[in-house]
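Visitor: quick one: sequence plus predicted model below, questions after.
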Amino acid sequence: MKRFPLLIVVFALLSFSTITGANPGGVGDGDFDMQCGGACHGDSSQNQSSPALLELTLDNTAYVGLPVSISATISGVQFSSSDTLGLFLITDTTGHSDLPEDAGWTVISDQNGGDNNYVEVEASSLTSEYSIAWTLKPSSIESTNFYLSIHHGGENAPFFGISSALSITPQPVPDNLPRLTSDYVPKITRDLGDNTTIKISTLDVEQMDIEWRLVDGESMLVNASSIADGMWQFELPAALQPSIIEWRAIMKGDGPDQTTPWFRIAAQEPALEVNQTQVYLQALALSLFFIGLVLNLHNKFRTDVEVAGVQEVDQTQFVTDSQPATGEAPPLPEGGLPDGWTMEQWKWYGHEYLEGSQ
Amino acid sequence: MISSATFHVITTELVVGSFAMAGVCFLLKALQSFNVLTSEKISQISDIVGHFALGFGLLATPFAILSGISSSPGSDVSSPLLVNKILLSMTAAGLAIAAIYARYSIGEQIWASKASSVTQSSTGLAASGFMLLTASAGGKFTRNESLIDLLNLPYDTIFLMPIWATSIILLIGISTTALAILGLRNQSAIQH
């Protein structure tokens, strides 16, 4: 009969593992392979097929060394509203070495104002159809297949899905094409409360207009001013709370007009400024302080016990009848352990008590 | 090659699992100190398992700290949560070292008096508690949620002392640790 409660406990623990097999709150944006290093969904064999419809589209012609946007459309997701939706932009379906960087593409910006291939979207913000975009830059003319993978929860189970391939072959840059320089990397974060001046380096550009907007807001058009040959700048207003602004440049020159993809810049709390040495020193000090405190307490208690033992026990007897070498406890007196004694204490000091009572 | 983020997940799971196991054992020993449990078998098992788990967790802790630093986004300490994680984990490591060294140098007699028994089990429990708090802060940092959110702990507040105060505590720590080790060694030598 004793096995029955044990079986219930084991069964409950095993059942609980299916509930806790995933991270319902997500794992945060990052650069992740499709299987998330095993961290997103506890066991990929538990995955069920997501009913979501996934589609990737290329927004413009991809040129080597120039940024281009890849848009993703997600629809038909059926899951609990408290879940988070995880979306991967990957270049392979084997589950490893599938980051865009592995295929020679650099992620410049993502939906959430970072530069990751994996982003998380709160489920409550999803409507029947949802669109997100990544801005990337190819480094070679090689053709690459892109896939959109989705991880989400629902009905106490993890769901997984993957889109069909979008094949992209970057083109060589034509002569006189107004464009950003190939080493230009847009700023993607800024501190709250600061006006932000954005500088842009270009080639074959004679005039530049900037269109910027809050995400899903109304667009504003400003002129970028030339500050040097091939260098332009414009200013974005300060943000009073964490938010994301999108901007793109419309470039004119001898060649056909070009419009860059939407770049995202996220306004966030200023990064913590703290003296790292001070932190590590304090951590070390706390560690040593507690070591010293605990060991000194033990030292004191041990000394107290020994002094008490010396005062109470005759020394000659102590030598001859000292505590048993075998570590066995002396026999208990009639009526069991004396009040306030533990078995541990009785084991080591019980003989002294017996001697005292005699 | 395994990424530092994945390595951090592995090492933190080792640390948290070991410290949690040690915590259970030290809780049993604490109960025994107050005569709530009297089983000799449980006493021996929780003593050995508790200290072994604490030692194993302690071995894995430096790997968890280093991989955590290398896998955190941006600079080393870019968030108050990360600062608190460093302080909590080092405090836990200090308590664990103290518990293991005390058990090693005093032996089974550490459980012989109520005072030292309570001190030892409290030290082990505190080490486990601080390490679980560290793991909770890690969950808060990566997933913005943690089981210990129920306690509403001020993870965003940093208790950072001025450098002079830190230096004083460091000196006190070094000197008291050295004195205690010498004292324990002398007592061991007299007994043997």
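Guide: Looks like it arrived, so ask away.
Visitor: nearest residue to residue A:74 in space, please, no chain neighbours.
Guide: residue A:130 (4.9 Å; Cβ to Cβ, 6 or more residues apart in numbering or on different chains). Where C-beta positions appear, they are placed from N, C-alpha and C, glycine not excepted.
Visitor: need the three-state assignment for that neighbour.
Guide: For residue A:130, the assignment made with DSSP: H, G, I helix; E, B strand; the rest coil gives strand.
Visitor: what about it, how many residues nearby?
Guide: Neighbourhood size, residue A:130 [other Cβ atoms under 10 Å in any protein chain shown]: 17.
Visitor: look up how far chain B lies from it.
Guide: 21 Å (Cβ to the nearest Cβ, to the nearest Å).
Visitor: I figured residue A:259 hits residue A:248, correct?
Guide: Yes: using Cβ atoms under 8 Å, residue A:259 makes contact with residue A:248 at a distance of 6.0 Å.
Visitor: of these two, who's got more company?
Guide: Using other Cβ under 10 Å, the more surrounded residue of residue A:259 and residue A:248 is residue A:248, with 19 against 14.
Visitor: can you give me the pLDDT of that one?
Guide: The model reports residue A:248 with a pLDDT of 90.
Visitor: check contacts around it.
Guide: Residue A:248 makes contacts with A:210, A:211, A:212, A:259, A:260, A:261, A:262, A:263, as judged by Cβ atoms under 8 Å, 6 or more residues apart in numbering or on different chains.
Visitor: does any bit of stretch B:93-104 sit next to chain A?
Guide: Yes: interface with chain A: stretch B:93-104 contributes B:93, B:94, B:95, B:97, B:98, B:99, B:101, B:102 (Cβ under 8 Å from any Cβ of the partner chain).
Visitor: re the thing from before, the residue nearest to residue A:74 and residue A:145, how far apart?
Guide: 23 Å (Cβ to Cβ, to the nearest Å).
Visitor: can you check residue B:35 too?
Guide: From residue B:35 over to residue A:145 (counting by Cβ to Cβ), the distance is 69 Å.
Visitor: now residue A:76
Guide: Relative to residue A:145, and taking Cβ to Cβ, residue A:76 is found at 23 Å.
Visitor: who's more crowded, these two?
Guide: residue A:145 (15 against 12).
Visitor: helix, strand or coil: sort out that one for me.
Guide: strand.
Visitor: pLDDT score assigned to it?
Guide: For residue A:145, the model assigns a pLDDT of 93.
Visitor: setting aside sequence neighbours, what's the nearest residue to it?
Guide: Leaving aside its sequence neighbours, residue A:145 sits nearest to residue A:165 (Cβ to Cβ, 6+ apart; 4.1 Å).
Visitor: residue contacts, the one you found?
Guide: Contacts of residue A:165 (Cβ under 8 Å, 6+ apart): A:145, A:146, A:147.
Visitor: again, only this time at 10 Å
Guide: Residue A:165 makes contact with A:56, A:91, A:92, A:93, A:144, A:145, A:146, A:147, A:148, according to Cβ atoms under 10 Å, 6 or more residues apart in numbering or on different chains.
Visitor: ok, now residue A:342?
Guide: B:32, B:33, B:34, B:35, B:37, B:38, B:43, B:111, B:112, B:113, B:114, B:117.
Visitor: run the last query once more with 6 Å
Guide: Residue A:342 makes contact with residue B:35 under the criterion Cβ atoms under 6 Å, 6 or more residues apart in numbering or on different chains.
Visitor: what of the one 5 residues further on?
Guide: Counting by Cβ under 6 Å, 6+ apart, residue A:347 makes contact with residue A:329.
Visitor: a helix runs through it, doesn't it?
Guide: Yes: the assignment for residue A:347 (three-state DSSP) places it in a helix.
Visitor: domains in chain A, as residue ranges please.
Guide: A:1-173, A:174-273, A:313-358 (automatic domain parsing).
Visitor: roughly how far apart are residue A:256 and residue A:130?
Guide: 32 Å.
Visitor: returning to that earlier point: and the pLDDT at the residue nearest to residue A:145?
Guide: Looking at residue A:165, the pLDDT reads 92.
Visitor: now, the contacts of residue A:248 that are in helices?
Guide: Of the positions in the contacts of residue A:248, not one sits in helices, assigned by DSSP state H.
Visitor: filter the residues you listed down to the buried ones.
Guide: A:210, A:211, A:212, A:260, A:261, A:262, A:263 (16 or more other Cβ atoms under 10 Å in any protein chain shown).
Visitor: mind listing what the fourth one touches?
Guide: When contacts are counted by Cβ under 6 Å, 6+ apart, residue A:260 is found next to A:248, A:249.
Visitor: what's the distance between it and residue B:13?
Guide: For residue A:260, the distance to residue B:13 - Cβ to Cβ - is 44 Å.
Visitor: how many neighbouring residues does residue B:9 have?
Guide: 22.
Visitor: next SSE downstream of the helix or strand where it lies?
Guide: Assigned by DSSP states H and E, residue B:9 belongs to helix B:4-33. Sequence order places helix B:40-71 as the next helix or strand after helix B:4-33, per DSSP H and E.
Visitor: avg pLDDT for the next helix or strand after that following helix?
Guide: Following helix B:40-71 in sequence order, the next helix or strand is helix B:80-106 (DSSP H and E). Mean pLDDT, computed over helix B:80-106, is 91.
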